[in-house]
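[1] got a structure for you, letters missing:
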Ligand SMILES: N[C@@H](CCC(=O)N[C@@H](CS)C(=O)NCC(=O)O)C(=O)O
């Protein structure tokens, strides 16, 4: 891996979408050129992770010994996926038009984090816990959250636009990423057809030119499998 010689910012993460995908979506929407550095496959049980990851650690580039890592050509570095997400959005005009809109973006980002963590917990449950948790997560929590998001977008102007204000923001790319996770896992169909605003929001977002290009990119990592993964 080259060091400070790159003229592009770099996002380093293990193979896969994981907690970096929300950052990639906002980068895509903003049309930012960057290097997406694949550190190799993450093995939760391995004491030593992949050589490029261990090298970043040894070089003192990871404040908390974890990735994703965002690096800018002048040497500026930041870790923690939500900090990177906000920095990228703020510096590219995708963080609301004023401090109140930024707070509204934060609210959406945090809500998406919370429900995504619940959905992703399905991937690591034992079969017994899964049969107990599946009806709760799929049958109760996801529909509740979808109902919240349906109402929030409905309360913003005509309900046919964005989650915050009158322009696309990190709130939209974040909700889009969550809906995509459900669609990729066939869960939007399972979860009744009662979110018309979210459905049309999802369609509008995936047709935005920069996002559409990213979604169609053969280099994109495959979707996270929530079930039978
Ligand atoms: N809260 C952190 C979590 C980061 C995290 O847990 N990263 C994992 C990969 S998904 C990692 O780097 N683990 C390194 C290790 O286990 O040694 C974030 O959102 O960035």
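    Yep, it's here. This one's a predicted model, so the numbers in the text were calculated from it and none came from an experiment. Residues are numbered from 1 along each chain as shown.
[2] From the chain's centre, how far out is the lowest-mean-pLDDT helix or strand in the chain? Work that out for me.
    Confidence across the helices and strands of the chain bottoms out at helix 187-190, with a mean of 76, counting by mean pLDDT, DSSP states H and E. A distance of 19 Å separates the centroid of the chain from that of helix 187-190, by C-alpha atoms, centre = their mean, to the nearest Å.
[3] And for stretch 14-30?
    The answer for stretch 14-30 is 6 Å, by C-alpha atoms, centre = their mean.
[4] what about it, start to end distance?
    One end of stretch 14-30 sits 23 Å from the other (C-alpha to C-alpha, to the nearest Å).
[5] same check, this time on stretch 23-42
    18 Å.
[6] So which bits of that stretch are buried?
    Within stretch 23-42, the residues that count as buried by 16 or more other C-beta atoms under 10 Å are 23-30, 32, 34, 36-37, 39. For glycine as for every other residue, the C-beta is placed from the backbone atoms N, C-alpha and C.
[7] what do you get for stretch 202-214?
    For stretch 202-214, by 16+ other C-beta under 10 Å, it's 202, 204-205, 208, 211, 214.
[8] Just the residues contacting the least confident helix or strand of the chain, thanks.
    Residues from elsewhere that reach helix 187-190, judged by C-beta atoms under 8 Å, 6 or more residues apart in numbering: 138, 142, 179, 182, 195, 199, 226.
[9] Name the residues of the top helix by length along the chain that are buried.
    Using DSSP state H, we find that the single longest helix of the chain is helix 99-121. Under the neighbour-count criterion of 16+ other C-beta under 10 Å, helix 99-121 has 101-102, 104-106, 108-109, 111-113, 115-116, 118-119 buried.
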